[in-house]
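Novice: Got a predicted model here, sequence first, then my questions.
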Amino acid sequence: MPFDVKRFRGIFPAALTMFDEKNNFDEEATARHWDWLITHQEVDGLVIAGTSGEFIALEREERIRLFRLARDVVRKRVPVIYGSGHYSTKLTIQLSEEAQKCEADALILILPYFQKPPKAAVIEHYRRVRQAINLLIDRTSIEKFIYGRTATATANFLNAPEKVRSKNTKFEFNIEKANAILEAAGWKKGSDGIRAKDGKQLKFVFQTSINAPRQKTQAIIKQACQKAGIDVELKSVVASVFFSSDAANPDTYPHFYADAQMYNTTMTRPDPGFFMNQYASWETATKENKWQGRNVSRWQSKQYDEIFNQAEAELDAVKRAAMYIKLNDLVVSDNYILPLLRRPKVAAVSASLTVPLSGWDNDLWQITNWYRET
């Protein structure tokens, strides 16, 4: 079932783990401490076996005793987060399974300490997964069977005007290649068909607003992901909530409390400057700006910022267009942003009306010059 982040609000102290004078885990004293926090301090939840919980000083069986004690003492009065991290991946999995048996509401996991992988390895790990997912998006079918003539499949984020549309990108739908990438990255299929690595299954939550074409698009992507051994949980949010500016609601798209999300972003101006500031670092949506920044994805690049600022000051139209093409290529090249379709705005008028045409506004543009043929 979907993870309810709303339950984890308020004060969650890192509860202490008590030891007696012989350095043994003191269950009675620990239980009294937890009960005091809940009953007298009225905390909103507890964090068990965190850093203050001396998890590193506890043996495996003591950690399990601690989990069981938490279950028996707390009795679901408040949510409890269990610390099940360990420098051994195998033991982390075992402790996480024990925490689940003890009715943990959430877990705290950390990278194996003393065995921290280099930053480049962590980045490469996630890059390969994104590369595989990009190969699992059947853009052609989404265009043909869902949107028809109202959309065109694309690999570009910036698609208009023509002079700033990149010719350097392309999209491909290839389940076999996606499987090969994941296999090479160490993600192996289990008996249930879901890939896993170091005991962690490859799962993610994919959200969008409630809208029939979007749910159909979700279904197409999920089906392909399943064939590659990726378990996708689909989440659909009422549009009035998803697109709202409510800073307190975690289901709005600027919060982006999911692994992937889909929505349409509209380019209403012939100049791409404002449209492309969506990936400038200073536009990042954060709690501090009440999630009002335009960079909802939180993707950032120093190179992107530098080129964007250069483009803002460039007066040569050819050089400026080349800069925006480079910005587009930076955005889509590492598969963090996965464009699906270009959806030009559709407008229609009566066959008996003659109206001036514009490449950017075909609703009521120059309505004073409209006339009806007689």
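Specialist: Done, it's in.

Novice: tell me the contacts of the spatially most central residue of the chain?
Specialist: Geometric centre of the chain, nearest residue: D259, 2.9 Å, by C-alpha atoms, centre = their mean. By C-beta atoms under 8 Å, 6 or more residues apart in numbering, D259 lies in contact with F204, V205, F206. For glycine as for every other residue, the C-beta is placed from the backbone atoms N, C-alpha and C.

Novice: Can you list phi and psi of it for me?
Specialist: Backbone torsions for D259, taken as degrees, to the nearest 10, come to phi -80, psi -30.

Novice: Going forward, count from 717.
Specialist: Okay, residue one is now 717; in that scheme the one you just asked about reads as D975.

Novice: Per-residue pLDDT of it, please?
Specialist: On pLDDT, D975 comes in at 94.

Novice: just T767 next, same as before
Specialist: 67.

Novice: Let me see the domain layout of this structure.
Specialist: 721-824, 836-1058, 1060-1090 (automatic domain parsing).

Novice: Do me a favour and get the end-to-end distance for the second one?
Specialist: In terms of C-alpha to C-alpha, to the nearest Å, the two terminal residues of domain 836-1058 are separated by 33 Å.

Novice: so where's this protein shaky on pLDDT?
Specialist: Scanning the chain for pLDDT under 70 picks out 717-720, 767-770, 803, 805, 827-833, 1075-1076, 1078.

Novice: Let's see that with 50 instead.
Specialist: Along the chain, the parts satisfying pLDDT under 50 run over 717-718.

Novice: ranges for the helices of it?
Specialist: Secondary structure of the chain (DSSP state H): helices at 743-755, 776-790, 805-817, 835-851, 855-858, 891-900, 928-943, 955-958, 989-992, 1018-1029, 1033-1049.

Novice: Nearest to Y1087 among those helices would be which one?
Specialist: helix 989-992 (33.5 Å; C-beta to C-beta).

Novice: which other helices and strands contact that closest one?
Specialist: The elements that helix 989-992 packs onto, with contact taken as 3 or more C-beta pairs under 8 Å, 6 or more residues apart in numbering; DSSP states H and E, are helix 1018-1029, helix 1033-1049.

Novice: how near is the nearest residue to A1027 once chain neighbours are set aside to A996?
Specialist: Closest residue to A1027 apart from its sequence neighbours, by C-beta to C-beta, 6 or more residues apart in numbering: M1039 at 4.0 Å. Distance, M1039 to A996, using C-beta to C-beta, to the nearest Å: 13 Å.

Novice: Next, show the common contact partners of the two.
Specialist: In contact with both M1039 and A996: F1024, using C-beta under 8 Å, 6+ apart.

Novice: G801 against I824, yeah?
Specialist: Yes. Using C-beta atoms under 8 Å, G801 is in contact with I824, at 6.2 Å.

Novice: Let me know the closest of the contacts of D975 to G989.
Specialist: Of all those, G989 sits closest to F922, with 30.7 Å by C-beta to C-beta.

Novice: Kindly state the beta-bridge partners for the closest one.
Specialist: L950, A976 (DSSP bridges).

Novice: wouldn't it be in contact with I946 here?
Specialist: No. F922 is beyond contact range of I946, at 10.1 Å (criterion: C-beta under 8 Å).

Novice: Look at these two and report which has more neighbours.
Specialist: Neighbour totals were compared for F922 and I946, and I946 leads with 25 against 20 (other C-beta atoms under 10 Å).

Novice: any idea how far the residue nearest to that one when sequence neighbours are not counted lies from I809?
Specialist: Distance criterion C-beta to C-beta, 6+ apart; nearest residue to I946, sequence neighbours excluded, is L918 at 5.1 Å. L918 is 15 Å from I809, where distance means C-beta to C-beta.

Novice: Could you do L1057 as well?
Specialist: For L1057 relative to I809 (C-beta to C-beta), the value is 40 Å.

Novice: What of P795?
Specialist: In terms of C-beta to C-beta, P795 sits 22 Å off from I809.

Novice: go on, W1015?
Specialist: 31 Å.

Novice: residues in contact with T933?
Specialist: Contacts of T933 (C-beta under 8 Å, 6+ apart): I858, I862, T924, M978, L1056.

Novice: Please render the helices of the chain as JSON lines that adds distance to L1080 to the earlier fields.
Specialist: As requested, the helices of the chain are exported to JSON lines (distance: least, C-beta to C-beta, whole Å):
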{"stretch": "helix 743-755", "distance to L1080": "61"}
{"stretch": "helix 776-790", "distance to L1080": "61"}
{"stretch": "helix 805-817", "distance to L1080": "58"}
{"stretch": "helix 835-851", "distance to L1080": "39"}
{"stretch": "helix 855-858", "distance to L1080": "31"}
{"stretch": "helix 891-900", "distance to L1080": "45"}
{"stretch": "helix 928-943", "distance to L1080": "26"}
{"stretch": "helix 955-958", "distance to L1080": "24"}
{"stretch": "helix 989-992", "distance to L1080": "22"}
{"stretch": "helix 1018-1029", "distance to L1080": "31"}
{"stretch": "helix 1033-1049", "distance to L1080": "29"}
